[in-house]
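S.K.: Mind looking at a prediction? Sequence and model below.
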Amino acid sequence: MIDVDGVTCRYGDGRIVAVDDVSLSIPDGEFLVVAGANGSGKTTLVRTFNGLVDPDEGVVAVNGTPVPADLVAARTAVGMVFQDPRDQLVSATVGGDVAFGPENLGLDRGEIDRRVRESLAAVHMTGREDDRVATLSGGERERVAVAGALAMEPDHLVCDEPFTGLDESARRSVINRLRELHRRGRSVIVVTHDLRDVFGLADRIVGLSDGRVAVDAAPERARDRLPGLDVRVPERDGDEP
């Protein structure tokens, strides 16, 4: 469970409010989409879930513990895929990067190797453990970042615009992996301005506007209100293309 209670985040010596008094709860096993236009506060909000951003006001708790009280536990429980993979990749090789998180958990070598293998398979990069990160395309780096988060096997997986730069095959593979994680009972939180890939997977959609929650509803109930937030939603069956 992730609980957000009255969270406000400010930048620029407090002059700019990125997140404005947001409260919400994300139950275990929920597939949540956090939607909004660029600058709506969605990335800042989800970065409070594991202490990458400290709120100026309010409290975020993960599995019942306030994030500042046990930052390691929060970052183990909440895996994050950043919008720009360059903010996430830390090792010279693909395999080393995907293994980095599990190694820091102190897992044995066999378990680390299993996680690396399965996570790379999930993003269609099987057998590329020895490839140099510096030689990868932008889309390939995005896939490695996703694999690194998957390898942590977190209770809650947060993906910030995870489909940017992916080709159709890789995008389908990542979607299938997110669907499988959800089926296994993990929370999945996808941050996006384009809901066409995830609308049918979501249990709930939270739409942000100017840092505040403007929509909080099941997908079909939220659908007609989302275009006003400058986000893309899939067409209904029978709609004109």
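M.R.: Received the coordinates, thanks.
S.K.: Please count neighbours and contacts with C-alpha atoms only from this point.
M.R.: Noted.
S.K.: which is the next helix or strand following the host helix or strand of Val215?
M.R.: Assessed by DSSP states H and E, Val215 sits inside strand 212-217. Remark: after strand 212-217, the chain's next helix or strand is helix 219-222, criterion DSSP H and E.
S.K.: CA atoms of that next one as CSV?
M.R.: What follows is helix 219-222, C-alpha atoms only, in CSV (Å, rounded to 0.1, in the frame of the first residue of the first chain):
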residue,chain,number,x,y,z
PRO,A,219,-11.4,4.2,-16.6
GLU,A,220,-14.8,4.4,-18.3
ARG,A,221,-16.0,6.8,-15.7
ALA,A,222,-12.9,8.9,-16.2
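S.K.: just to revisit the earlier point, give me the sheet partners of the strand holding Val215 and which way each runs.
M.R.: strand 204-209 (antiparallel) (DSSP bridges).
S.K.: Can you name the residues that contact the nearest residue to Arg212 once chain neighbours are set aside?
M.R.: Leaving aside its sequence neighbours, Arg212 sits nearest to Asp20 (Cα to Cα, 6 or more residues apart in numbering; 5.3 Å). Asp20 is in contact with Val7, Thr8, Cys9, Asp210, Gly211, Arg212, counting by Cα atoms under 8 Å, 6 or more residues apart in numbering.
S.K.: For those residues, work out which two are farthest apart.
M.R.: Val7 and Asp210 (13.8 Å; Cα to Cα).
S.K.: Now do the shared contacts for these two.
M.R.: What both Val7 and Asp210 touch, as defined by Cα under 8 Å, 6+ apart, is the set Val19, Asp20.
S.K.: Output the longest helix belonging to the chain.
M.R.: helix 168-183 (DSSP state H).
S.K.: next SSE after it?
M.R.: Scanning forward in sequence from helix 168-183 by DSSP H and E, the next helix or strand is strand 187-192.
S.K.: Point out the other elements, helices or strands, that that next one touches.
M.R.: On a contact count with 3 or more Cα pairs under 8 Å, 6 or more residues apart in numbering; DSSP states H and E, strand 187-192 meets strand 31-35, strand 156-160, helix 168-183.
S.K.: Direction included, what does the second one pair up with?
M.R.: Spelled out, that is strand 156-160. Counting by DSSP bridges, strand 156-160 is paired with strand 78-81 (parallel), strand 187-192 (parallel).
S.K.: any low-confidence regions in this protein?
M.R.: 85-87, 165, 237-241 (pLDDT under 70).
S.K.: Can you add distance to Asn63 and mean neighbour count and give the helices and strands packed on strand 187-192 back as a markdown table?
M.R.: Shown next, in a markdown table, are the helices and strands packed on strand 187-192 (distance: least, Cα to Cα, whole Å; neighbours: other Cα atoms under 10 Å):
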| stretch | distance to Asn63 | mean neighbour count |
| --- | --- | --- |
| strand 31-35 | 16 | 26 |
| strand 156-160 | 10 | 26 |
| helix 168-183 | 17 | 17 |
